[in-house]
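Asker: Compute the structure for the input listed below.
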Amino acid sequence: MMEGKRMISSIWLLLLSCLVFVSADYKNHEYQFGEKVILWVNQVGPYRNPTETYLYNKLPWCGVKMTESDKPPREGLGEALLGYELRASNIEINFMEPKPRTTICKHTLDADDAKIFKHAILNQYYYQMYLDDLPIFGMVGEIRENAAGETRAFLYTHKHFTLLHNDGQVIQVNVTTNEAVVPVEAEATVELTYSVEWHETDIAFSDRFDVYLDDNFFEHQIHWFSIFNSFMMVVFLAGLVSMILMRTLKRDYAKFAMDADDDPEDKDGIDESGWKQVHGDVFRAPPKLLLFASLVGTGHQLALLVGCSIFLSMVGTYYRTRGSMVTAFIFLYALTAFVGGYSSGGYYARNGGRHWIQSMLVTGGLFPGFCITIALLLNFVAIGYGSLAAFPPGTVVAVLAIWLLLSYPTTFIGAVVGKNWNGVADNPCRINPVHRQIPEKKWYLQPLVTILLGGVLPFGSIFIEMYFVFTSFWHYKYYYVYGFLLLVYIILIIVTMCVTVVSTYFLLNAEDHRWQWTSFLSAASTAFYVFLYSIYYFIFKTKMSGFFQTCFYFGYMTMFCVALGILCGAIGYIGTSLFVRKIYQIKID
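Answerer: Coordinates of the predicted model:
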């Protein structure tokens with residue numbers, strides 16, 4: 001059976017289970033007149049370094065006393081992984097009740113307090129709050145320059161909250177902070193105040209997050225143009241592959257279909273070179289079979305995982321609930337581990353592998369182990385800085401438990417099923433007992449050149465979308481155009497398959513049968529170009545600085561690019577495998 005038909009039943013089963021798992025009722029958030037609306041404080045940090053966040057009371061605000069009893073219950077694992085640490089603030093807000101300027105507290109800054117506030121303002125620290133699950137952002141202060149050219153730090157001391165309500169629900173909240181400023185210096189008296197005003201609106205509760213979505217950025221004409229450009233690339237590559245199949249291969253088939261009674265003079269013109277000569281080696285097991293099977297199985301899993309995540313993001317609104325996307329992604333990964341084990345176990349068994357338990361262990365632990373290792377290294381950096389990016393010990397234990405107690409058993413079940421149901425080789429050609437010698441090739445047909453060039457076009461089809469994804473992740477924007485992302489994902493799959501099919505055809509025509517690793521790595525090289533682009537993005541598109549943020553940026557980008565490389569590599573191998581099996585579906589004497 002072909003690769004695409006081997007997993008249909010398991011894919012549909014996982015899709016249904018994923019839909020059931022992540023669905024949940026959304027809270028109404030209804031209030032009565034005068035009912036208390038809790039304002040939660042979350043974090044502070046330099047605006048230019050989005051991952052470098054600290055507890056709200058790291059700054060010496062007066063009147064802020066945070067205890068564990070002030071914390072709301074966590075909504076999920078993703079909230080803990082993303083570093084949310086909500087505490088009840090000392091600002092009292094009652095539903096639909098305006099409040100004039102009210103003093104929170106007074107505080108005289110000592111030298112240490114002034115130093116901390118000055119450092120925060122010079123580094124453009126912001127603070128984040130939540131009110132009824134609506135995020136609120138504000139700057140700590142501002143820098144001013146006097147007539148002598150000296151810079152001074154000023155602290156914002158007043159917060160004015162403007163809230164919109166509709167039918168007993170909070171619809172929108174905005175904070176204005178620059179109405180009162182105090183110079184930051186020792187012995188300065190700081191009086192923190194706030195005020196509240198309410199207004200009625202006709203905006204529906206279901207649309208209250210629309211104000212956080214940047215339509216002008218995500219739905220810009222360049223976004224549509226990139227989709228059209230990628231679509232034209234798909235048409236071109238599909239036409240190229242069709243030409244190979246319909247013309248070149250058709251001519252080769254016609255020559256091999258000549259009967260023995262045909263004119264011998266006609267048969268003298270048959271070209272015996274090219275892909276036809278390697279039919280006895282083309283289905284030989286690749287070197288390092290266990291590693292290759294594990295990578296292909298993990299790639300199957302990641303391809304399904306990304307597809308499920310994008311689909312569920314289209315039908316849901318993950319950005320409305322803190323950490324819900326991360327939570328869903330972790331559990332989806334554990335569930336889709338069945339596909340990884342099934343694909344890896346079946347491929348390993350079909351190619352004569354005997355250590356299937358080792359194959360299962362590598363499949364279940366290779367990519368998660370890599371990510372967990374990097375995450376723990378970053379965690380040590382975060383602990384050293386006292387940042388909220390550090391994972392709580394309980395969260396680390398929970399993630400390890402999901403990996404060892406859910407993901408690994410699911411991988412094991414998939415490997416057993418794949419080994420027994422899909423472990424019998426059904427190659428269309430016999431494998432020769434002796435390896436065929438590979439002739440000398442021109443430089444542009446060398447595997448290394450093919451691998452490096454194989455990722456150029458797939459990267460070209462997604463790099464504009466990468467800009468939007470990176471900007472969303474590193475610049476406080478909510479990504480919501482998952483329809484675009486799904487189209488780009490489909491285009492990436494098609495382009496990757498077409499490129500690897502063409503490169504493999506030229507490789508086989510050069511009588512080089514080592515197509516498995518070449519097809520995988522040529523598709524995986526897409527991630528190499530994405531990583532190069534991430535370096536460019538870090539230098540020219542962001543203003544991040546410092547050891548902390550640099551470590552986290554490139555740590556996350558490394559994990560992302562490794563996942564993308566494995567995913568693209570598996571997609572390239574799947575398309576090439578179908579192509580190779582198709583062209584050798586004839587009897588070659």
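
Asker: Val173 - how many residues pack around it?
Answerer: The number of residues packed near Val173 is 23, by other CB atoms under 10 Å. (Glycine included, C-beta is placed from N, CA and C.)

Asker: Show the backbone phi and psi for it.
Answerer: The phi/psi pair for Val173 (degrees, to the nearest 10) reads phi -140, psi 140.

Asker: For His355, see how far away it is.
Answerer: In this view, Val173 and His355 are 59 Å apart by CB to CB, to the nearest Å.

Asker: With Ile402 instead?
Answerer: For Ile402, the distance to His355 equals 26 Å [CB to CB].

Asker: Counting neighbours, go ahead and name the busier of these two.
Answerer: Ile402 (17 against 12).

Asker: Excluding sequence neighbours, find me the nearest residue to the more buried one.
Answerer: Once flanking residues are discounted, Ile402 sits nearest to Ala334: 5.5 Å by CB to CB, 6 or more residues apart in numbering.

Asker: again, but for Trp443
Answerer: Ranked by CB to CB, 6+ apart and with sequence neighbours excluded, the top spatial neighbour of Trp443 is Val449, at 6.6 Å.

Asker: That neighbour: which element?
Answerer: helix 447-454 (DSSP states H and E).

Asker: can I get the CA coordinates of that helix in CSV?
Answerer: In CSV, the C-alpha atoms belonging to helix 447-454 read as follows (Å, rounded to 0.1, in the frame of the first residue of the first chain):
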residue,chain,number,x,y,z
PRO,A,447,23.9,15.2,-2.8
LEU,A,448,25.2,18.2,-0.8
VAL,A,449,24.3,20.6,-3.6
THR,A,450,20.9,19.0,-4.0
ILE,A,451,20.3,19.3,-0.2
LEU,A,452,21.3,23.0,0.0
LEU,A,453,19.2,24.0,-3.1
GLY,A,454,16.2,21.9,-2.1
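
Asker: Val170: which element?
Answerer: With DSSP H and E as the test, Val170 turns up in strand 169-176.

Asker: from memory the residue nearest to Trp443 sits against Lys441, does it?
Answerer: No: counting by CB atoms under 8 Å, Val449 sits too far from Lys441 to count as a contact (9.7 Å).

Asker: still on that earlier bit, state the number of residues packed around the residue nearest to Trp443.
Answerer: For Val449, using other CB under 10 Å, the count is 15.

Asker: and the gap between it and Ile566?
Answerer: 22 Å.

Asker: same check, this time on Ser545
Answerer: 31 Å.

Asker: again with Leu289
Answerer: Taking CB to CB, one finds Leu289 at 17 Å from Ile566.

Asker: ranges for the helices of the stretch 201-350 of the chain?
Answerer: Remark: helices assigned in the stretch 201-350 of the chain by DSSP state H, counting those that start in this stretch are 215-218, 221-243, 249-256, 264-267, 289-315, 324-350.

Asker: Looking at the ones you listed, which is nearest to Val456?
Answerer: Closest to Val456 of those is helix 221-243 (CB to CB; 11.0 Å).

Asker: name the helices or strands packed onto the closest one?
Answerer: With contacts taken as 3 or more CB pairs under 8 Å, 6 or more residues apart in numbering; DSSP states H and E, helix 221-243 sits against helix 456-474, helix 482-509.

Asker: Would you mind giving those as a markdown table with mean neighbour count and distance to Ala390 added?
Answerer: Conversion of the helices and strands packed on helix 221-243 to a markdown table gives the following (neighbours: other CB atoms under 10 Å; distance: least, CB to CB, whole Å):
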| stretch | mean neighbour count | distance to Ala390 |
| --- | --- | --- |
| helix 456-474 | 20 | 19 |
| helix 482-509 | 22 | 30 |
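
Asker: could those helices go into JSON lines alongside distance to Tyr212 and mean pLDDT?
Answerer: Listed next are these as JSON lines, based on distance: least, CB to CB, whole Å; pLDDT from 0 to 100:
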{"stretch": "helix 456-474", "distance to Tyr212": "12", "mean pLDDT": "91"}
{"stretch": "helix 482-509", "distance to Tyr212": "16", "mean pLDDT": "91"}
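
Asker: looking at those helices, which is closest to Leu361?
Answerer: With CB to CB as the yardstick, what comes closest out of the helices and strands packed on helix 221-243 is helix 482-509 (28.3 Å).

Asker: Buried residues of whatever helix or strand comes next after the closest one, list them for me.
Answerer: Counting by DSSP H and E, the element after helix 482-509 in chain order, helix or strand, is helix 515-540. Within helix 515-540, the residues that count as buried by 16 or more other CB atoms under 10 Å are 515-531, 533-534, 537-538.

Asker: Let's see the helix or strand hosting Ile143 as PDB, backbone CA atoms only.
Answerer: Element membership for Ile143 (DSSP H and E) is strand 141-145. C-alpha atoms of strand 141-145 as PDB (Å, rounded to 0.1, in the frame of the first residue of the first chain):
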ATOM      1  CA  GLY A 141       7.400  56.100  33.000                       C
ATOM      2  CA  GLU A 142       9.100  58.200  30.400                       C
ATOM      3  CA  ILE A 143      12.500  59.900  29.700                       C
ATOM      4  CA  ARG A 144      12.700  63.700  29.300                       C
ATOM      5  CA  GLU A 145      15.500  65.900  28.200                       C
END
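
Asker: partner strands of it, parallel or antiparallel?
Answerer: Paired with strand 141-145 in the same sheet, following DSSP bridges, are strand 151-156 (antiparallel).

Asker: what sits up against the strand it pairs with?
Answerer: Residues outside strand 151-156 that contact it (CB atoms under 8 Å, 6 or more residues apart in numbering): 117-118, 121-122, 138-146, 177-178, 180-184, 190.

Asker: which of those are buried?
Answerer: Burial by neighbour count, judged by 16+ other CB under 10 Å, picks out Phe117, Lys118, Ile121, Val140, Gly141, Thr177, Ala180, Val181, Val182, Val184, Val190 from the contacts of strand 151-156.

Asker: can you tell me how far the third one sits from Phe154?
Answerer: Counting by CB to CB, the gap from Ile121 to Phe154 is 7 Å.

Asker: now swap in the fourth one and tell me
Answerer: Using CB to CB, one gets 10 Å for the distance from Val140 to Phe154.

Asker: pLDDT below threshold where in the stretch 51-200 of the chain?
Answerer: For the stretch 51-200 of the chain, residues meeting the criterion pLDDT under 70 lie at 63-75.

Asker: before we move on, what about the stretch 301-450 of the chain?
Answerer: For the stretch 301-450 of the chain, the stretches with pLDDT under 70 are 317-319.

Asker: on that earlier part again, intersection of neighbour lists for Ile121 and Phe154?
Answerer: Contact criterion CB under 8 Å, 6+ apart; residues shared by Ile121 and Phe154: Gly141, Glu142, Ile143, Val184.

Asker: Show the contacting residues for Ser407.
Answerer: Tyr333, Ala334, Ala337, Gly364, Pro368.

Asker: For it, give me phi and psi.
Answerer: According to degrees, to the nearest 10, Ser407 has phi -70, psi -50.

Asker: Now render the helices and strands packed on helix 221-243 as CSV, adding distance to Ile571.
Answerer: Below are those laid out as CSV (distance: least, CB to CB, whole Å):
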stretch, distance to Ile571
helix 456-474, 9
helix 482-509, 5
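
Asker: Quick one, which of the ones you listed gets closest to Met314.
Answerer: That would be helix 482-509 among the helices and strands packed on helix 221-243, by CB to CB, at 4.5 Å.

Asker: a helix runs through Thr410, doesn't it?
Answerer: Yes: counting by DSSP: H, G, I helix; E, B strand; the rest coil, Thr410 falls inside a helix.

Asker: Check the burial of it by counting its neighbours.
Answerer: 23.

Asker: Please name the nearest non-neighbouring residue to it.
Answerer: Nearest to Thr410 is Ala337, by CB to CB, 6+ apart, at 4.1 Å.

Asker: again, but for Cys551
Answerer: In space, and not counting its chain neighbours, Cys551 is closest to Val381: 5.1 Å by CB to CB, 6+ apart.

Asker: and the one you found, what does it touch?
Answerer: Phe547, Phe548, Cys551, Phe552.

Asker: Specify the angle between the biggest strand by length in the chain and strand 151-156 in degrees.
Answerer: Using DSSP state E to define each element, the chain has its longest strand at strand 189-200. Counting by axes from the mean of the first three to the mean of the last three CA atoms, to 10 degrees, strand 189-200 lies at 50 degrees to strand 151-156.
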